Structure formats: structure tokens, C-alpha cells
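# Sequence first, then the predicted structure:
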Amino acid sequence: MASTSDYHLQPANWSTEPAPLVGYLSRKALPIKRNDAEPLTREDVQFDLLCHIFNDRQKVFTPQAPSEDSKVHFCDLYVNALYMSHKCSKVLKDKMAETPAFAVELAKISLLTNVGRINTTMAFFPEMKTALRTYHPVPSLQKTDGNAQDAPRIKNCLKAALLPSELKNMPPSTPEEILQKSRARQLPSTSVVNLIFVLANHAAPLASTHFDPPVNFLDLFLPINIASADRARAFLWLVFHYLEGPDQPNPYDDDYSRQNPGKVPWLHRLTEEEMAQENVDTSDEIEWGKAMSAQRNLFLQRLVHSIEREKKVKAAVSASKLAEPNSGRSRPIRSQQEGTRDKPYIHYLPPDRAPQITQSVSEDHRVSYSSSRGPHRNMLQHAWQVVTSTDPLADSDEELQDEHVRLDYSRRVDVIARLRGRPPSPPPDLPPPASSTSSHPPPSSISDTREHRWRTVESWK
């Protein structure tokens, strides 16, 4: 067995420093950080680790979806969990069933999202327009023609990948709850996706239980100096330990884990030369990543040009609208001396205004307007002119400035004056007697008429 000095962990590009404390890895440092259009390499996604996990063919897990087999391997377990998620669209399900290789690629990207290595700011198709995410080609995991979605959709699919019994009740949220169900042989104890969420969230407390310092669960998915095959075996050991129960013989045990119950199998440390031999990008993947980055940059340039062109068109349209003369009638500015209309319109005509005054005013209007220039219009011609040439939304306070409008208005007043006193119009007001100097009200007939008219007006309210 290796000496205790072999347990010391040094990440890939670290200088020689004292060993950090358990849980040294914060969740902010876990996600992959790359600029937009920058490809994710095999080292970024730990491609060899994913291959060892999904290529394992030991059928030791209880199926969480209808299956003919009593046990399934991890690849089928995880892919079926994604497929059974009610947030998995029909198009995505059809593509997974049509192309199994795409389903495995999607499962590998989903596992990285499951542990938090890929966060929700990443997308994997170059035509993405939103500024809230960045595009990243993944050459090693995008060898099929399927749409790899984006990280937010993948995470929504993962959160909905629950057992039927967990859709109605809250799924287990701590490792202790999962172990309690597995010990009671309530299999499966939880969905594999929820188990990985729980292990990632409790990586620091579980570090001393299953790992030797300073390693924890999240370190398994980072580019560190531990063999990919050993990290994959430790991951599968943890999945079996919690899903099938700690009291069951674990098929991923080795001599070290058997001699140290609760500990994951031995994690072999690599030298720098051995690390350089893992996760090596092929030339085809490098060229494809460069081509997709160039396609993304070209798409962004076209997008920026189209936005700028739209802005210029909108600015030109706004400038042309400001330069065009006002198509409506110009309204003179009313001075303050003209006063404002303070009172609302009153239907009742006070009795001290005699109809003769209105008639005289109308006659004056006829005299003053009849001498204006231009041919006269009859009422039908003027109505047609108004309908075809005026804006119904324009204010009509100043319409009397038009001579034809004034003439039409005076004609209407004349018609109303002639109809005054005929049924069903109200009776005309009688002028007060010339010899009357008393302040008493007029005769009772006039008073009755005024009272009747007030009652009529009040009934409209």
C-alpha cells in the first residue's frame, strides 16, 4: 500500500503550497470560466472522467424507470432519468430515442451541470442572441447533429427529473434522509439526479466521511492530479452507496475501501507527465472548435450591424416626421385676455335671455358672412366637405375661423330658432313686460313653464 505521503493532493497547475483545508473549493470557483465563443476543451469538461463513468457496464443499480431488467448500469440510469423528466420537451425526447449517441452526449453535459461545473450562463448553439449567456462549442461532446440546448434548460430538466413518488412530496434533501430510505430498502431511495444535487450541496460536510483531506466530492470533476479512472470509480461507489444502501456489498470496492468502511476506493495520484497524457484534444476537435468560434463571431458581427441599421432607420423616420409640416389645421394661440371656459355646459337657458336676441345675432351673422368670398355651400355640401377633409380627432374649438363653418353654424342656429316653441321642443321664453319695474317674478304661466323646463333638464342627469 502507498505511504501516507501519497495522499497529498496537488491540483494541475498549482505551485507547491501547504495543503488547503477541507472544503477549500468554493461554489464560485467551481464553474468553468471562459470568454464568449471560446471552446471547452477535454480538460475543461474532464472528458476521460465522463467516458469512464458512462462506459461502465456493471448493471448494479435499481432502475428508476420502467425496464425489463432488474438492474441497469449508470449510463441507462442517468439517461432514462433525463428522458422521464416532465421538463424534457417532446422534440428532445424524440432526438434522444432516434440518436442514442446524442442522448449520451447530452447526459454528459447534464452531469457537469448537475454538479455545478457548467453554470446557467452557458449556451451551446452559436445563434444565441441574449447577452446574459455566453456561447461555447464543446467539440468532444458535440459530435452528433443534435441541439445540446443551453444550461438553463438543462438545469430545469434536471430539477424535474424526480421519482413519481417525489412529484407529490418533497424529495430527500440531505444525505442522511437518503441513507435512511436505502437502509429501509425503499429502493430507489431517490432519483439519481437528486442524489447528485444533494452530494454537491453537502460536499464539505461529507469530505471527512468519504475522502482523505483535502479532497471532496466536487474535486472529482476538476482537473487535478488524480487518475480519471479512479475518480470515476469513486463517483460510482458513492452513487451505489446512497442509492442501494451502505449495508450492501459495493461492486466498486477495492482493498482500501474494504479496510476503511465508508471511504471511497483509493485515489491514485499522477505525475505531471501522466496528467499530460489524459484529456488530450484531437486535431479534428481543435479545428471544429475554431470553426464554430469563427461562426459565432460572424453571427455577432451581423447581429451588431443589423441593430445599428435598425437604429439608423428609426432615427431617419423620426427626423422625417419632425421635418414634415403639420397636416392638421393650425390653431391660433389664445391669449389669456380671451379667458377660459370655467363653467360646464348647461342645458337650461335662463329666462332673461329672449330668443329675439339670438335671432338678431343670427341675422348679424348672416349679413357679415354672406359677403365673404367664394361660392356658398348648402348644408349637404358642407357636411360632405367636413366628412372628407377634417380630422375627427382634432379639437374643434377654433373651427369658426373657417367662413363655410361659420355660415353652416348660422344656418343651424336659424333652424333651431324657427323650431323653437313647436312640439317636442320647449316653449319659447316670453320677454318681460316693459312697464314692469317690480322685482316680483313674472306671471304664474311663465313660472310654471320655467319649473317644467327645470324638471325636464334634471331628468337627464
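Perfect, thanks for sending it.

# Phe299 contacts Pro126, correct?
Yes. Judged on Cβ atoms under 8 Å, Phe299 makes contact with Pro126 at a distance of 5.7 Å. Every C-beta, even on glycine, is put in place using the N, C-alpha and C of the backbone.

# Mind pulling up the pLDDT for Gln277?
Predicted confidence (pLDDT) for Gln277: 94.

# number of nearby residues for it?
By other Cβ atoms under 10 Å, the residues close to Gln277 number 10.

# can you tell me how far it sits from Leu162?
Look at Gln277 and Leu162: by Cβ to Cβ, to the nearest Å, they are 40 Å apart.

# before we move on, what about Leu243?
When distance is defined by Cβ to Cβ, Leu243 is 14 Å away from Leu162.

# for the stretch 51-200 of the chain, what spans make up the strands?
Under the criterion DSSP state E, counting those that start in this stretch, strands of the stretch 51-200 of the chain are mapped to 122-123, 134-135.

# which residues of the stretch 1-150 of the chain score low on pLDDT?
Filtered on pLDDT under 70, the stretch 1-150 of the chain yields the residue ranges 1-28, 146.

# all helices for it, in order.
Taking DSSP state H, counting those that start in this stretch as the test, the helices found in the stretch 1-150 of the chain are 42-45, 47-54, 74-83, 90-98, 100-115.

# Return the alpha-carbon coordinates of the longest one using CSV.
Below are the C-alpha coordinates for helix 100-115, written out as CSV (Å, rounded to 0.1, in the frame of the first residue of the first chain):
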residue,chain,number,x,y,z
PRO,A,100,-28.7,7.2,-28.7
ALA,A,101,-25.2,8.8,-29.1
PHE,A,102,-26.8,12.2,-28.8
ALA,A,103,-28.6,11.1,-25.6
VAL,A,104,-25.2,10.0,-24.0
GLU,A,105,-23.6,13.3,-25.0
LEU,A,106,-26.5,15.3,-23.5
ALA,A,107,-26.2,13.2,-20.4
LYS,A,108,-22.5,14.0,-20.0
ILE,A,109,-23.2,17.7,-20.3
SER,A,110,-26.1,17.4,-17.9
LEU,A,111,-23.9,15.6,-15.3
LEU,A,112,-21.5,18.6,-15.4
THR,A,113,-24.5,20.9,-14.9
ASN,A,114,-25.7,18.6,-12.2
VAL,A,115,-22.6,19.1,-10.1
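
# Tell me which of the strands of the stretch 51-200 of the chain sits nearest to Ala315.
Of all these, it is strand 134-135 that lies closest to Ala315, at 30.2 Å by Cβ to Cβ.

# Show residues contacting that closest one.
Where contact means Cβ atoms under 8 Å, 6 or more residues apart in numbering, the residues beyond strand 134-135 that reach it are Arg34, Asn35, Asp36, Ala37, Thr121, Met122, Ala123, Phe124, Phe125, Pro126, Met128, Arg296.

# how distant is it from the center of its chain?
Strand 134-135 sits 17 Å away from the centroid of its parent chain (Cα atoms, centre = their mean, to the nearest Å).

# what do you get for stretch 246-266?
Per Cα atoms, centre = their mean, the displacement of stretch 246-266 from the mean C-alpha position of its chain is 46 Å.

# Now Asn250: closest residue in space, sequence neighbours ignored.
Leaving aside its sequence neighbours, Asn250 sits nearest to Phe240 (Cβ to Cβ, 6 or more residues apart in numbering; 5.4 Å).

# Torsion angles phi and psi at the one you found?
When read as degrees, to the nearest 10, the backbone of Phe240 gives phi -70, psi -40.

# can you tell me which residues contact it?
Val60, Phe61, Gln248, Asn250, Pro251, Tyr252.

# can you count the residues close to the last one?
Read that as Tyr252. Tyr252 has 20 nearby residues by other Cβ under 10 Å.

# now swap in the fourth one and tell me
If you count neighbours by other Cβ under 10 Å, Asn250 ends up with 20.

# Surely it is in contact with Pro261?
No. Asn250 lies out of contact with Pro261 (Cβ under 8 Å); the separation is 10.1 Å.

# any common contacting residues for the two?
Residues touching both Asn250 and Pro261 by Cβ under 8 Å, 6+ apart: none at all.

# re the thing from before, can you tell which of the helices of the stretch 1-150 of the chain is closest to Pro265?
For Pro265, the closest of the helices of the stretch 1-150 of the chain is helix 47-54, at 12.7 Å, according to Cβ to Cβ.

# Packing partners of the closest one?
In this structure, helix 47-54 makes packing contacts with helix 74-83, helix 100-115, helix 228-243, judged by 3 or more Cβ pairs under 8 Å, 6 or more residues apart in numbering; DSSP states H and E.
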